[in-house]
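Colleague: No sequence on hand, only this structure:
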């Protein structure tokens, strides 16, 4: 497998993991609303009908994409030999990019659950700060913290002002 194929495979894995995360979150949210709040699902006036249709569409797309990728991997295994493909994929999973991806996903899931508790400004500030500290590889630790604090301190109030005051969007 050449470098271009490895990069393509990495981005394919990333997209499938992200899609699986989104599908899981939507499915859990719909299930909670359906079972705990006793909301009818198959009614034209149902508030969860559209999210349910999005969930089904994403789920079908995910299954079709996963099926296609499995067929591609099996084809490559038959062409290059199973042991060679496994060795190269193990090396791919040990890269810093995969660490960043998994860290980003974990921080994003935590943000999703903290947002209703802490509300927009504190939760988004914490999220942006954590992402900036983890993803910044170029600086020393103190420089990372300084850049993250300054950038978060400037960006979040601007975003809040634009959405809350100008567009009149009620933020969580």
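Modeller: It's in. The model shown is predicted, which means the values in this text are computed figures rather than measured ones.
Colleague: Where do the domain boundaries of this structure fall?
Modeller: Domain assignment for the chain by automatic domain parsing gives 1-94, 96-172.
Colleague: Can you tell me which of the ones you listed has the worst average pLDDT?
Modeller: Across the domains of the chain, domain 1-94 has the smallest mean pLDDT, namely a mean of 75.
Colleague: Run the chain-centre distance for it.
Modeller: With C-alpha atoms, centre = their mean, to the nearest Å as the basis, domain 1-94 stands 11 Å off its chain's centre.
Colleague: circling back: columns mean neighbour count on top of the domains of the chain, output as JSON lines?
Modeller: For the C-beta atoms, the positions are set from N, CA and C on the backbone; glycine is no exception. JSON lines is the format used below for the domains of the chain (neighbours: other C-beta atoms under 10 Å):
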{"stretch": "domain 1-94", "mean neighbour count": "13"}
{"stretch": "domain 96-172", "mean neighbour count": "14"}
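Colleague: Give the next helix or strand downstream of the helix ranked longest in the chain.
Modeller: Determined from DSSP state H, the single longest helix within the chain is helix 3-36. Using DSSP states H and E, the helix or strand that follows helix 3-36 in sequence is helix 49-80.
Colleague: helices or strands up against that next one?
Modeller: If you count contacts as 3 or more C-beta pairs under 8 Å, 6 or more residues apart in numbering; DSSP states H and E, helix 49-80 packs onto helix 3-36, helix 82-93.
Colleague: re the thing from before, in terms of secondary structure, what does the longest helix of the chain contact?
Modeller: Under the contact rule (3+ C-beta pairs under 8 Å, 6+ apart), helix 3-36 is packed against helix 49-80, helix 82-93, helix 96-118.
Colleague: so can I have JSON lines of those helices showing distance to residue 32?
Modeller: Listed next are the helices and strands packed on helix 3-36 as JSON lines, based on distance: least, C-beta to C-beta, whole Å:
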{"stretch": "helix 49-80", "distance to residue 32": "12"}
{"stretch": "helix 82-93", "distance to residue 32": "33"}
{"stretch": "helix 96-118", "distance to residue 32": "12"}
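Colleague: ok, and the closest non-adjacent residue to residue 46?
Modeller: residue 40 (5.3 Å; C-beta to C-beta, 6 or more residues apart in numbering).
Colleague: What distance do you get for that neighbour to residue 32?
Modeller: Computed as C-beta to C-beta, to the nearest Å, the residue 40 to residue 32 distance reads 15 Å.
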